[in-house]
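> Below is the sequence, then the predicted model.
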Amino acid sequence: MEFEAVIGLEVHAQLLTNTKIFCGCPTKFGAEPNSQTCPICLGMPGVLPVLNKKVVEYAMKAALATGCEIQSMSRFARKNYFYPDLPKGYQISQYELPIALRGHIDIPVEGGHKRIGITRIHMEEDAGKSLHEGIAGASHVDLNRAGTPLIEIVSEPDMRNSDEAVEYLKRLRAILMYLEVCDGNMEEGSFRCDANISIMPKGETKFGTRAELKNINSFRFVQKAIEYEIKRQKALIMDGGKVVQETRLWDTQKNVTVSMRGKEEAHDYRYFPDPDLVPIEISPEWIEDVRKSLPELPAQKVKRFTAEYGIPEYDAEVLSVSKALANYYEETAKLSGQSKAASNWIMGDLLRFLKEDDREIEESPVTPKHIAEMIKLMDDGTISGKIAKTVMEEMYKTGKMPEDVVKEKGLVQVTDTGAIEKVIDEVIAENADSVAAYKSGKDKLFGFFVGQVMKKSQGKANPGAVNELLKKKLAG
């Protein structure tokens, strides 16, 4: 029997406000445990929360950027459950009346694009954090994170494999980072994902029983966890068993999902409107003001890059993955006047070097000016493409400008036909058998001769001159 997966994602994104959602405590990551707290986020009796307006604006930005409809009225609710890191015994969230509904994100799939629906976006406060490591026989609680503002973005169950899920997550993260409402840091937990996964026989329309995978903090783990869970559920059904509705955790050491608890339903949380917070009314004028503040978003940038710079959509997609990378590319393209060459050097060598060193584009020792000047040296014939590879590597290692690298390393391209002819003569003399084979009709050997000449000249010979002179010599 063939099965099809059904995947929906719930993403929690921490908002980049300076203070918490209902009090003035700071939200900075990594502070001394319990140093960023007050009676409100500690849940002391008799205190009253006051809503941070910036949280609402950031949630509105996220909603507009994902095509959601902002609701004219929304309301906070209390989500009741007990856990040591939840001092009030409830979490302030939104339930029946969230801030935004019915959005979407388009992702690329084979043969085109696929629209992934967004059910809702709502605001809520984060809980604290239980600490277990390095503490013998006990757990401690750090409440610095309690009250940190979050938006939860709930997708429709529109994804059918792990690739689609990861692509949706990457695009959502990029949008939030472009908006500068979330830093997207998955390791620190400011962008984390729960995945709801079920399977059904191909051709069916009724979804199977779902399991929820909690708090996965990297794209790689999301992919592996989903793929494992799909296989687990298939094997269970094929063995005559049944999938149980439950919450599971991803074990990063064993690469398996592990049962955590039975999956709660909404009624288990006994939601009710928070009596300490009035409903939020959002006027059309406020929505328009927020809409006008939106930056150029990734999808818009891709369209502009393909139209304005004439680069393929694939290049534009890669270069628009972050605002910093897009700005880097645009500056390089303008300085060099060679948009495709700029794209090739950034996407190829530069991003490879940065990945190897686990660096972001903002940390690159090679600036747009470095690459633009190197492209100009290639255009005027000072260096060849092969030499440029060496120059690029040296620029990345030292931060030196390309002209300085070329002078110091003696990498100027040889254009003197006499010098090139001399190298060609040496190659022909050293490869008499290959010359005879070439003349007998084995034309493909021409590439071999070009390679030998470039090798002997240490990549400095002008490729165009090499090709032209070689043809004449071998024809003689």
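Nice, thanks for sending it over.
> Residue 161 contacts residue 6, correct?
No: here residue 161 does not reach residue 6: they are 10.4 Å apart, not a contact under Cβ atoms under 8 Å. Every C-beta, even on glycine, is put in place using the N, C-alpha and C of the backbone.
> So which of the two has more stuff around it?
Set side by side, residue 161 and residue 6 show unequal neighbour counts under other Cβ atoms under 10 Å, the larger going to residue 6 at 19 against 16.
> can you pull the contacts of the more buried one?
For residue 6, the residues meeting the contact criterion (Cβ atoms under 8 Å, 6 or more residues apart in numbering) are 157, 159-160, 197-200, 207-208, 210.
> Narrow those residues to those in strands?
Among the contacts of residue 6, the residues falling in strands (DSSP state E) are 197-200.
> For PyMOL, write the select line for the buried members of those residues.
Of these, the buried ones can be selected in PyMOL as follows, counting by 16 or more other Cβ atoms under 10 Å:
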select buried, resi 197+198+199+200
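> Serialize the ones in strands among the contacts of residue 6 to TSV and add fields for distance to residue 245.
Below are those laid out as TSV (distance: Cβ to Cβ, whole Å):
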residue	distance to residue 245
197	11
198	9
199	13
200	15
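> Widest-spaced pair of the ones in strands among the contacts of residue 6?
Of all pairs drawn from those, the greatest distance, 11.3 Å, lies between 197 and 200 (Cβ to Cβ).
> Shouldn't residue 226 be within a strand?
No: according to DSSP: H, G, I helix; E, B strand; the rest coil, the state of residue 226 is helix, so it is not within a strand.
> can you count the residues close to it?
Residues within reach of residue 226, counting by other Cβ under 10 Å, total 26.
> Could you do the one 4 residues further on as well?
Residues within reach of residue 230, counting by other Cβ under 10 Å, total 20.
> So which residue is dead centre in this protein?
Taking Cα atoms, centre = their mean as the criterion, residue 170 is the residue nearest the geometric centre of the chain, at 4.2 Å.
> what helices or strands is the strand or helix carrying residue 372 leaning on?
Secondary structure from DSSP states H and E places residue 372 in helix 368-379. When contacts are defined as 3 or more Cβ pairs under 8 Å, 6 or more residues apart in numbering; DSSP states H and E, helix 368-379 packs onto helix 323-336, helix 339-345, helix 385-398, helix 402-409.
> how about those in JSON lines, adding distance to residue 279 and mean neighbour count?
Rendered in JSON lines, the data for the helices and strands packed on helix 368-379 read as follows (distance: least, Cβ to Cβ, whole Å; neighbours: other Cβ atoms under 10 Å):
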{"stretch": "helix 323-336", "distance to residue 279": "34", "mean neighbour count": "20"}
{"stretch": "helix 339-345", "distance to residue 279": "49", "mean neighbour count": "20"}
{"stretch": "helix 385-398", "distance to residue 279": "55", "mean neighbour count": "18"}
{"stretch": "helix 402-409", "distance to residue 279": "61", "mean neighbour count": "17"}
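> ok, which stretches of the stretch 101-250 of the chain are strands?
All strands of the stretch 101-250 of the chain, identified by DSSP state E, counting those that start in this stretch, fall at 112-125, 129-131, 140-142, 149-155, 191-201, 211-216, 246-251.
> possible to save those as CSV with mean pLDDT and distance to residue 383?
Conversion of these to CSV gives the following (pLDDT from 0 to 100; distance: least, Cβ to Cβ, whole Å):
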stretch, mean pLDDT, distance to residue 383
strand 112-125, 96, 40
strand 129-131, 90, 54
strand 140-142, 94, 55
strand 149-155, 98, 48
strand 191-201, 95, 42
strand 211-216, 89, 46
strand 246-251, 92, 49
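> Looking at those strands, which one is packed in the most?
With neighbours defined as mean count of other Cβ atoms under 10 Å, the strands of the stretch 101-250 of the chain peak in mean count at strand 149-155, which reaches a mean of 24.
> That strand pairs with which strands?
Sheet partners assigned to strand 149-155 using DSSP bridges are listed as strand 3-14 (antiparallel), strand 112-125 (antiparallel).
> Count the residues that sit near residue 80.
With neighbours defined by other Cβ under 10 Å, the count for residue 80 comes to 15.
> All further residue positions should be reported with the first residue as 18.
Got it, the first residue is 18 from now on, which makes the last one we talked about residue 97.
> didn't it look like it was pressed against residue 110?
No: at 10.4 Å, residue 97 does not count as touching residue 110 under the criterion of Cβ under 8 Å.
> Find the residues that touch each one of the two.
Shared between the contact lists of residue 97 and residue 110 (criterion: Cβ under 8 Å, 6+ apart) are residues residue 288.
> Can you find the helix or strand in this protein with the smallest mean pLDDT?
helix 480-492 (a mean of 77; mean pLDDT, DSSP states H and E).
> tell me what that one is packed against?
Under the contact criterion of 3+ Cβ pairs under 8 Å, 6+ apart, helix 480-492 touches helix 434-447, helix 449-456, helix 462-473.
> Closest to residue 316 out of the contacts of residue 23?
For these, the residue nearest residue 316 by Cβ to Cβ is residue 176; the value is 18.3 Å.
> so how far does stretch 202-209 reach from one end to the other?
Chord length of stretch 202-209, first to last residue, is 9 Å (Cα to Cα, to the nearest Å).
> Now do the buried residues in it.
Using 16+ other Cβ under 10 Å as the test for burial, stretch 202-209 gives 203, 206-209.
> ok, now how distant is the residue nearest to the centre of the chain from residue 215?
Between residue 187 and residue 215 the computed distance is 23 Å (Cβ to Cβ, to the nearest Å).
> now residue 352
Noted for residue 352: a distance of 51 Å to residue 215, by Cβ to Cβ.
> now swap in residue 442 and tell me
The span separating residue 442 from residue 215 equals 72 Å under the rule Cβ to Cβ.
> ok, now residue 421?
With Cβ to Cβ as the criterion, residue 421 and residue 215 are 60 Å apart.
> Quick check: residue 159 touching residue 146?
Yes: because the distance of 4.9 Å satisfies Cβ under 8 Å, residue 159 is recorded as touching residue 146.
> what about residue 382, which helix or strand?
Take DSSP H and E as the rule and residue 382 turns out to sit in neither a helix nor a strand.
> count of neighbours near it?
Summarising burial for residue 382: neighbours were counted as other Cβ under 10 Å, giving 15.
> Contacts only, for it.
If you count contacts by Cβ under 8 Å, 6+ apart, residue 382 has them with 412-416.
> The same query, at a cut-off of 10 Å, please.
Residues in contact with residue 382 (Cβ atoms under 10 Å, 6 or more residues apart in numbering) are 370-371, 374, 376, 412-417.
> Check residue 400 too.
Shown here is residue 400, whose contacts under the criterion Cβ under 10 Å, 6+ apart are 391, 393-394, 406-408, 419-420, 422-423, 428-430, 476-477, 479.
> between these, which is closest to residue 243?
The closest of these, once distances to residue 243 are taken by Cβ to Cβ, is residue 406, at 38.5 Å.
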